[in-house]
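Asks: What follows is a predicted protein model with its sequence.
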Amino acid sequence: MSNYQIETKCIQSGWHPKKGEPRVLPIYQSTTFKYDTSDQMGRLFDLEDSGYFYTRLQNPTNDAVAEKICELEGGVAAMLTSSGQAANYYAVFNICEAGDHMICSSTVYGGTFNLFGATLKKQGIECTFIDPDASLEEISQAFRPNTKVLFAETIANPALVVLDIEKFAKSAHDHGVPLIVDNTFATPINCRPFEWGADIVTHSTTKYMDGHAMCVGGCIVDSGNFDWNQYADKFPGLTQPDDTYHGIVYTEKFGKAAYITKATSQIMRDLGSIQSPQNAFLLNVGLETLHLRMPRHCENARKVAEFLNSNEKTAWVNFAGLKDNKYYDLAQKYMPNGTCGVISFGLKGGRKASVEFMDKLKMIAIVTHVADARTCVLHPASHTHRQMTDEQLVEAGVAPDLIRLSVGIENAQDIISDLEQALEDIS
Ligand SMILES: *Cc1c(COP(=O)(O)O)cnc(C)c1O
């Protein structure tokens, strides 16, 4: 399968029916799987044989979809999770424990910021947040002897900062830790972080991969490139015997699949944030058209960004596809075919005008979501960040007038016309 182009993988990867089996990926709506002898089942529990026994650990529908995403990213193993939050939590918790330290870009998604900065802290894992534009030297200063992970987003939500993946990968590898990249906004259609040195990729599949705002979900993909054994002392969970699995050493027994096998057989077994097979089925339908939808999202977003940029009522427009954008060159390097469909902008009338403008939109809906087929809009200062004062908003990198516009795949002119009539109407 790996020789096919990405468009073919969107359609063909994952489910490979044998003679007489359903052509379309079936929903294995079963918690459990049958065996003929007690010994057969026992060998599964010992990880001696591979096979299904309980959907919390593995399910054929989920596995087929994980395999598709794995092939799209060019990885060696992958697993689905119930949400993007669970994916990022598991990705880090699989190699960090109480007493460890991690480093993360400060502009990551708010949910990720809270997860690493507050919730992991309660579990004894400390996180240092760094400026994604920091130099190699500045990033270096954040490392400690107990640092286990460097984490960032390909395109930050909602700051739209484009990550210099090679710089982050070099920094991580200079210090003997893996780079984990949340590739939700770019998707593997526009950027494959493994090709630039990232070791592990995560996704909120809730966004473009699903693409229709139907199911919350997540995914973790391992490139298989990080050499855990070279830093065996740092990653004892992978390189030392697991007493909860009869002393298995994951790197010895599973080689390049060690990281995902541990995340499945240990973290998922114990914490249980599985994706439902129903949701995995719908996600798979979304993935089949990802390669058609992403170029249209990007093309529409570029047209909308150009329109907003030339409109007299806008104060600023942030979209990495615009030539004067701070991240234009990085975007050209890592995502030459386009970044994503999300734009942020502010109005000259400030916060008050933002609210007025949004209320005047007719087709474009106000929703707490991004990155699906329907154009939608959110004003963080009034919604996701409404408890903050204007001063606190600026500190958090969210301007009080910032409007996040997720451009869908409708006709671009219809989107622009809706924006235009709302802009004309505000004072
Ligand atoms: C939405 C999002 C998440 C969280 O994903 P959920 O599926 O909502 O749990 C994580 N990272 C990024 C970049 C996101 O946009």
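Replies: It's in.
Asks: what comes up buried for the worst-scoring helix or strand of the chain on mean pLDDT?
Replies: Of the helices and strands making up the chain, the lowest-confidence element is helix 390-395, at a mean of 74, by mean pLDDT, DSSP states H and E. Across helix 390-395, burial judged by 16 or more other Cβ atoms under 10 Å covers Leu393. From N, CA and C alone the C-beta is placed, and that goes for glycine too.
Asks: Would you mind writing the CA trace of it as PDB?
Replies: What follows is helix 390-395, C-alpha atoms only, in PDB (Å, rounded to 0.1, in the frame of the first residue of the first chain):
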ATOM      1  CA  ASP A 390      -8.600  42.500  27.800                       C
ATOM      2  CA  GLU A 391      -5.200  42.600  29.500                       C
ATOM      3  CA  GLN A 392      -5.200  38.900  30.200                       C
ATOM      4  CA  LEU A 393      -6.300  38.200  26.600                       C
ATOM      5  CA  VAL A 394      -3.300  40.000  25.200                       C
ATOM      6  CA  GLU A 395      -1.000  38.000  27.500                       C
END
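Asks: From the rest of the structure, what touches that helix?
Replies: By Cβ atoms under 8 Å, 6 or more residues apart in numbering, the surrounding residues in contact with helix 390-395 are 351, 380-381, 385, 399-400.
Asks: pLDDT-wise, what's the bottom of the residues you listed?
Replies: Lowest pLDDT among the contacts of helix 390-395: His385, with 79.
Asks: Pop out the phi and psi values for Lys313.
Replies: Lys313 has phi and psi values of phi -90, psi -10 when expressed as degrees, to the nearest 10.
Asks: and it, what does it touch?
Replies: Per Cβ under 8 Å, 6+ apart, neighbours of Lys313: 347-349, 353, 423, 426.
Asks: please redo it, this time with the cut-off set to 10 Å
Replies: By Cβ atoms under 10 Å, 6 or more residues apart in numbering, the contact list for Lys313 reads 347-349, 353, 357, 422-424, 426-427.
Asks: re earlier: so which of the contacts of helix 390-395 would you say is closest to the ligand?
Replies: Pro380 (13.0 Å; Cβ to the nearest ligand atom).
Asks: That closest one contacts Gln387, correct?
Replies: No. Contact criterion Cβ atoms under 10 Å: Pro380 and Gln387 do not qualify, at 11.2 Å.
Asks: And the helices in the stretch 251-400 of the chain?
Replies: For the stretch 251-400 of the chain, the helices defined by DSSP state H, counting those that start in this stretch cover 258-262, 269-271, 277-288, 290-310, 328-334, 350-360, 390-395.
Asks: Could you list the buried residues of the third one?
Replies: Of the residues in helix 277-288, those with enough neighbours to count as buried (16+ other Cβ under 10 Å) are 277, 279-284, 286-287.
Asks: Packing partners of that helix?
Replies: Helix 277-288 sits against helix 6-12, helix 60-73, strand 77-81, with contacts defined as 3 or more Cβ pairs under 10 Å, 6 or more residues apart in numbering; DSSP states H and E.
Asks: hang on, the earlier thing: export the buried residues of helix 277-288 as a markdown table, with columns for distance to Ser13 and pLDDT.
Replies: Formatted as a markdown table, the buried residues of helix 277-288 follow (distance: Cβ to Cβ, whole Å; pLDDT from 0 to 100):
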| residue | distance to Ser13 | pLDDT |
| --- | --- | --- |
| Pro277 | 18 | 98 |
| Asn279 | 18 | 98 |
| Ala280 | 14 | 98 |
| Phe281 | 15 | 98 |
| Leu282 | 17 | 98 |
| Leu283 | 13 | 98 |
| Asn284 | 10 | 98 |
| Gly286 | 14 | 98 |
| Leu287 | 9 | 98 |
